[in-house]
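In: just coords:
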């Protein structure tokens, strides 16, 4: 369960550094689907992104988390952690201008990031513009999510 929590935190940090390439992506394109984000790291759960008028929501895709429980008590702990994770909802105000999107953290006005955005097939690609950290942030792919209750 510690791996899962660590993965959740890493995934959340990873997603705060979202970015994009270049191509016209409209607000309607973003709002058209719920989007699945599958991180490259192991033990990091998938995220679900959805867009409304000027607000992007991110939540943990608890269905993507595989159980590692070996007994009933561990299963109860995992179920509790999944319930908590399903209640987490991160909100970002977004501004889409040509081929760039700026995400403003709604809880922290000092936190904003600007990214290039492009389309590739049915996917939307975010690529970092200015990554000031030493960590290499890779391209994030938003894939249309299968039709199901999110």
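Out: Noted; the coordinates are in hand. Treat the numbers as computed from the prediction; the structure is a model and nothing was measured.

In: Could you confirm residue 70 falls within a strand?
Out: No - assessed with DSSP: H, G, I helix; E, B strand; the rest coil, residue 70 is coil; it does not lie in a strand.

In: Count the residues that sit near it.
Out: By other C-beta atoms under 10 Å, the residues close to residue 70 number 8. Every C-beta, even on glycine, is put in place using the N, C-alpha and C of the backbone.

In: and it, backbone torsions?
Out: phi -110, psi -10 (degrees, to the nearest 10).

In: how near is it to residue 77?
Out: 11 Å (C-beta to C-beta, to the nearest Å).

In: swap in residue 41?
Out: Distance from residue 41 to residue 77, by C-beta to C-beta: 22 Å.

In: So for these two, which sits in the more crowded spot?
Out: residue 77 (14 against 10).

In: Can you list the buried residues in the helix or strand the more buried one falls within?
Out: Per DSSP states H and E: residue 77 is located in helix 72-87. Counting neighbours by 16 or more other C-beta atoms under 10 Å, one finds that the buried residues in helix 72-87 are 78, 81-82, 85.
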